[in-house]
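Undergrad: Give me a 3D structure for the following:
(2 chains)
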2 protein chains.
Amino acid sequence: MPLAKAEISRLRALREKKHREAAGLYVIEGEKVVGELLAAGCPLLEIYATAEWIEWERGRPRPGCAAAAAPLQIIPISPAEMARVSHFPTPAGVLAVGRITRVPLAAGALDHGLTLALDGIQDPGNVGTLLRLADWFALDRVLLSPDCADLFSQKVINASMGSFARVTVHTGPLAEALAGTRTPVLGCDLQGDNIHTLTARRDAVVVIGSEGRGLSPAVAALVTQRVTIPKFGRAESLNAAIAAAIVLDNLRRVTR
Amino acid sequence: MPLAKAEISRLRALREKKHREAAGLYVIEGEKVVGELLAAGCPLLEIYATAEWIEWERGRPRPGCAAAAAPLQIIPISPAEMARVSHFPTPAGVLAVGRITRVPLAAGALDHGLTLALDGIQDPGNVGTLLRLADWFALDRVLLSPDCADLFSQKVINASMGSFARVTVHTGPLAEALAGTRTPVLGCDLQGDNIHTLTARRDAVVVIGSEGRGLSPAVAALVTQRVTIPKFGRAESLNAAIAAAIVLDNLRRVTR
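TA: Residues are numbered from 1 along each chain as shown, chains lettered A, B, ... in the order given. Have a look, this model is predicted:
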């Protein structure tokens, strides 16, 4: 059955944040990324795929995937239909729709475990890379300020390499979330404590600002320990994801 | 004097590696990046700029810039000419031409100091970020395998944030360069020694492969110590620049 025109419009519209918010749905395209989400057990609502992808998917193991217990509901569509839905110069063989779920941050949640808080990170590649870091270092949660790149955009999900489906993310004003916590709040700075002298902290929040603008004043005011990555040469700064990686490695070195 | 048609073609052609190699020149466009190169004392040959940029540049201090001793030779061009030369959707106000210099790697050079060797890193953003890391950690040199993104491309130079002008880079086959050295060669691996147990090494080479393909077999065979970044969660891997950042921070922690 060919895809109705309205259906094509609906799927295309989900590329834009406002339409995603209105529908409560996101769309993601591409063999690699959809494969990563399926492997991570991401509960996708609809999958549109060409015959070629369906053939390939049937022969593929899906280890550790909760959703795989139920057979995957796939809507076959033609390459021509995919070309109309796709936003890629070369349309992919598969496109999936998922439900946007927003998990509210429970009161006192930041008091336990390790949290990465992203303050105004607008580059979607950076946000995706930071989700991947949170996954690698097994952080308990990630907080995104509302002006970060949208979690449900193709670029963020792509760059997370599947970690999108494994990391708990809360979106909301950071200053509000941090205001009540008793947990140390670590912020990167050029004049803080040497990160190599960090002591073990079972509970901590690491806040990362954008490379260009740093932390917003309201968030900077809530930082309880400023930490610095020792610099030996002349580069002025480090990219946000690079800085986060070094801080988290140092934190995990002392906090197992 | 308006820019000759041949001159416009020549400048446009320098966007392509083969034309850069033939002319021995590279071209770089943009207020931010040209400003970074000037600030770093990069010896640029020609600068083409609009009246607006020239006005702005005259009022700007250029600290620590060797080339600034001589007054900068700037060729004024109109915004319309800039639009014809530019490869950007919105043409910048300035464009510079520099000479490609290739520094041969002296015999025994790797025996002294810290070297970062990049094996087949094709993403120009990653190569630029890795140059910036080499600059931050004050490494003595960077080696690029010939299949890395071209050092003299706009994207590499942009992503390096000025470090392009501060880091010594040699391009050539890595296996050849590494074959004769007595210096330990560290390579990242999933089954190596925990990077947190690294001991001080005044001289070392850190080899970084591409995320997708890892180290090439000839380079992997020359690694003398495999090191691993401890993983706590479920992300499968880390991006090449992220991995390099963590390894270099750990190396610098013990090697001052």
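Undergrad: hey, let's count contacts and neighbours off CA atoms from now on
TA: OK.
Undergrad: Low-confidence stretches in the stretch 1-150 of chain A?
TA: A:61-71 (pLDDT under 70).
Undergrad: Could you give the number of residues near A:L178?
TA: Neighbours of A:L178 under the rule other CA atoms under 10 Å in any protein chain shown: 23.
Undergrad: likewise A:D203?
TA: Around A:D203 there are 17 other residues, counting by other CA under 10 Å.
Undergrad: How about A:A6?
TA: 9.
Undergrad: cool, and A:R60?
TA: Counted with other CA under 10 Å, A:R60 comes out at 9.
Undergrad: next one: the one helix or strand A:E176 maps to to chain centre, how far?
TA: Per DSSP states H and E, A:E176 falls inside helix A:174-179. Relative to the chain's own centre, helix A:174-179 is displaced by 20 Å; criterion: CA atoms, centre = their mean, to the nearest Å.
Undergrad: Would you mind naming what in chain A lies close to chain B?
TA: By CA under 8 Å from any CA of the partner chain, the residues of chain A that approach chain B are A:132-133, A:135-139, A:161-163, A:166, A:196, A:231-238, A:241-242, A:245-246, A:249, A:253.
Undergrad: Among those residues, the buried ones, what's the ChimeraX command?
TA: Per 16 or more other CA atoms under 10 Å in any protein chain shown, the buried members of the residues of chain A next to chain B correspond to this ChimeraX selection:
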select /A:132,133,135,136,137,138,139,161,162,163,166,196,231,233,234,235,237,238,241,242,245,246,249,253
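Undergrad: re earlier: same question for the helix holding A:E176, mean pLDDT?
TA: Helix A:174-179 carries an average pLDDT of 96.
Undergrad: buried stuff in that helix?
TA: A:L174, A:A175, A:A177, A:L178.
Undergrad: what does stretch A:44-63 give?
TA: A:L44, A:E46, A:I47, A:Y48, A:A49, A:T50, A:A51, A:I54, A:R62.
Undergrad: Pretty sure the second one sits against A:I75.
TA: Yes: the pair A:E46 and A:I75 qualifies as a contact (CA atoms under 8 Å) at a distance of 7.4 Å.
Undergrad: just checking, A:I28 touches A:V34?
TA: Yes: with contact defined as CA under 8 Å, A:I28 reaches A:V34; the gap is 7.0 Å.
Undergrad: Can you check which residues contact both of the two?
TA: A:L95, A:A96 (CA atoms under 8 Å, 6 or more residues apart in numbering or on different chains).
Undergrad: From A:V223, how far off is A:V206?
TA: 9 Å (CA to CA, to the nearest Å).
Undergrad: Actually, A:P217.
TA: 10 Å.
Undergrad: Which one of those two is surrounded by more residues?
TA: Ranked by neighbour count (other CA under 10 Å), A:P217 and A:V223 place A:V223 first, with 19 against 9.
Undergrad: and that one, helix, strand or coil?
TA: Of the three states, A:V223 takes coil according to DSSP: H, G, I helix; E, B strand; the rest coil.
Undergrad: swap in A:R60?
TA: Under three-state DSSP, A:R60 falls in the coil class.
Undergrad: now swap in A:D189 and tell me
TA: strand.
Undergrad: Could you list which residues are in contact with it?
TA: Contacts for A:D189 (CA under 8 Å, 6+ apart) come out as A:R226, A:V227, A:T228.
Undergrad: Repeat that for A:L248.
TA: Contacts for A:L248 (CA under 8 Å, 6+ apart) come out as A:F137.
Undergrad: care to break chain A down by domain?
TA: A:5-99, A:109-254 (automatic domain parsing).
Undergrad: just these: most buried one?
TA: domain A:109-254 (a mean of 20; mean count of other CA atoms under 10 Å in any protein chain shown).
Undergrad: related to what we said a few turns ago, contacts made by the helix holding A:E176 with the rest, please.
TA: If you take CA under 8 Å, 6+ apart as the criterion, helix A:174-179 is touched by A:L105, A:L110, A:A117, A:D119, A:L143, A:L144, A:S145, A:A218, A:V219, A:L222.
Undergrad: export it as PDB, just CAs?
TA: Taking Å, rounded to 0.1, in the frame of the first residue of the first chain, the C-alpha atoms of helix A:174-179 are listed here in PDB:
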ATOM      1  CA  LEU A 174      19.900  23.800  35.400                       C
ATOM      2  CA  ALA A 175      20.000  26.500  38.100                       C
ATOM      3  CA  GLU A 176      16.700  25.300  39.400                       C
ATOM      4  CA  ALA A 177      17.800  21.700  39.400                       C
ATOM      5  CA  LEU A 178      21.100  22.400  41.100                       C
ATOM      6  CA  ALA A 179      19.800  24.900  43.600                       C
END
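Undergrad: sorry, back to before: closest one to chain B out of the contacts of A:D189, please.
TA: Chain B lies nearest to A:T228 out of those, by CA to the nearest CA, at 11.9 Å.
Undergrad: ok, that closest one touching A:D193?
TA: Yes: the pair A:T228 and A:D193 qualifies as a contact (CA under 8 Å) at a distance of 5.6 Å.
Undergrad: Next, the residue lying closest to A:D140 once chain neighbours are set aside: phi, psi?
TA: With CA to CA, 6 or more residues apart in numbering or on different chains as the criterion, A:D140 has its nearest non-adjacent residue at 5.4 Å, and that residue is A:L114. Backbone torsions of A:L114, given as degrees, to the nearest 10, read phi -110, psi 130.
Undergrad: I'd like to know how far A:L114 sits from A:V142.
TA: In this view, A:L114 and A:V142 are 9 Å apart by CA to CA.
Undergrad: residue contacts, whichever residue of the stretch 151-256 of chain A sits closest to chain B?
TA: Residue nearest to chain B within the stretch 151-256 of chain A (CA to the nearest CA): A:G233, separated by 4.2 Å. With contact set as CA under 8 Å, 6+ apart, A:G233 has these partners: B:D135, B:W136, B:F137, B:A138, B:L139.
Undergrad: Could you dump those into a markdown table with secondary structure and distance to A:R84 added?
TA: Below are the contacts of A:G233 laid out as a markdown table (DSSP: H, G, I helix; E, B strand; the rest coil; distance: CA to CA, whole Å):
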| residue | secondary structure | distance to A:R84 |
| --- | --- | --- |
| B:D135 | helix | 46 |
| B:W136 | helix | 46 |
| B:F137 | coil | 48 |
| B:A138 | coil | 50 |
| B:L139 | coil | 50 |
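Undergrad: quick one on the thing from earlier: could you dump the contacts of helix A:174-179 to a markdown table with secondary structure?
TA: Shown next, in a markdown table, are the contacts of helix A:174-179 (three-state DSSP):
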| residue | secondary structure |
| --- | --- |
| A:L105 | coil |
| A:L110 | helix |
| A:A117 | strand |
| A:D119 | strand |
| A:L143 | strand |
| A:L144 | strand |
| A:S145 | coil |
| A:A218 | helix |
| A:V219 | helix |
| A:L222 | coil |
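Undergrad: of all those residues, which two lie farthest apart?
TA: Longest distance between any two of the contacts of helix A:174-179 is 18.9 Å, between A:L105 and A:A218; criterion CA to CA.
Undergrad: gap between A:P104 and chain B?
TA: Distance, A:P104 to chain B, by CA to the nearest CA, to the nearest Å: 23 Å.
Undergrad: Which residues does the closest residue to that residue other than its chain neighbours form beta bridges with?
TA: Leaving aside its chain neighbours, A:P104 sits nearest to A:H170 (6.4 Å; criterion: CA to CA, 6+ apart). Legend: beta-bridge partners of A:H170 under DSSP bridges are A:L143.
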